[in-house]
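K.L.:
Structure for the following, please:
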Amino acid sequence: MRYVLCHIVLLCAFALGVLAQEAQKDSVPQASEIRTANNNFFLEAGGNAIAYSLNYERIMGNHFVLRGGLSFLPVQSAEFRYLAILPVSVSYLIGSTHYLELGLGTMFASYNGTEARWQYNRGSAIDISAEVTGTPKFAISPFPIAIPIIGYRWHPLGGGLNARIAFTPLVSFLGILPFGGISLGWSF
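P.N.:
This is a model prediction of the structure:
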């Protein structure tokens with residue numbers, strides 16, 4: 001009986017040693033799992049800037065993403081010349097090459113035109129009204145907007161072409177506006 005027990009204990013000890021070596025080997029990232037392209041430029045249709053935006057991202061490690069972008073929209077009005085939107089966000093990527101992207105962003109909107117003010121009308125959206133004085137003005141929207149990001153991203157670790165599609169609802173004190181975006185970019 002002792003002989004059998006000794007063999008069982010030795011067999012268990014050997015099995016635990018093999019499992020410990022496997023676990024240690026899995027915790028060290030392989031060369032093919034390390035990101036070598038941490039910079040990304042992309043064009044997004046829809047998304048955080050509503051219409052379109054040109055964006056730059058910096059990927060920290062393999063999972064954290066910091067983003068900033070820019071969008072100019074011409075406004076068909078005698079009082080306003082353009083609306084500029086600056087989307088910013090931070091995201092976390094889950095996966096490798098094919099990612100689930102979870103993040104939070106906001107956008108800063110500004111306009112350039114004559115004397116103007118932002119107004120909130122109950123029962124409708126934000127209106128920009130103007131008093132034409134001929135004095136050029138530049139202002140930033142006072143309405144805080146949160147933009148959650150839930151999406152899919154195909155982004156190879158070594159760089160090159162990448163794409164993403166995301167659900168990006170606009171959340172403010174006015175309510176929730178369901179929205180989304182699609183983007184195509186190049187990482188290096």
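K.L.:
For the chain, which segments are assigned as strands?
P.N.:
Secondary structure of the chain (DSSP state E): strands located at 39-46, 52-60, 64-74, 80-96, 98-113, 116-120, 126-130, 137-140, 147-154, 160-167, 170-172, 175-177, 180-187.
K.L.:
who touches the last one?
P.N.:
By that I understand strand 180-187. The contact list for strand 180-187 (CB atoms under 8 Å, 6 or more residues apart in numbering) reads 37-48, 55, 57, 59, 155-156, 159-168. Every C-beta, even on glycine, is put in place using the N, C-alpha and C of the backbone.
K.L.:
Could I get the pLDDT score of residue 82?
P.N.:
For residue 82, the pLDDT comes out at 77.
K.L.:
ditto for residue 160
P.N.:
Here the pLDDT value assigned to residue 160 is 95.
K.L.:
so what's it up against?
P.N.:
By CB under 8 Å, 6+ apart, residue 160 lies in contact with 37, 186-187.
K.L.:
rerun at 10 Å
P.N.:
In this structure, residue 160 makes contact with 37, 185-188, judged by CB atoms under 10 Å, 6 or more residues apart in numbering.
K.L.:
Good, we can wrap up now.
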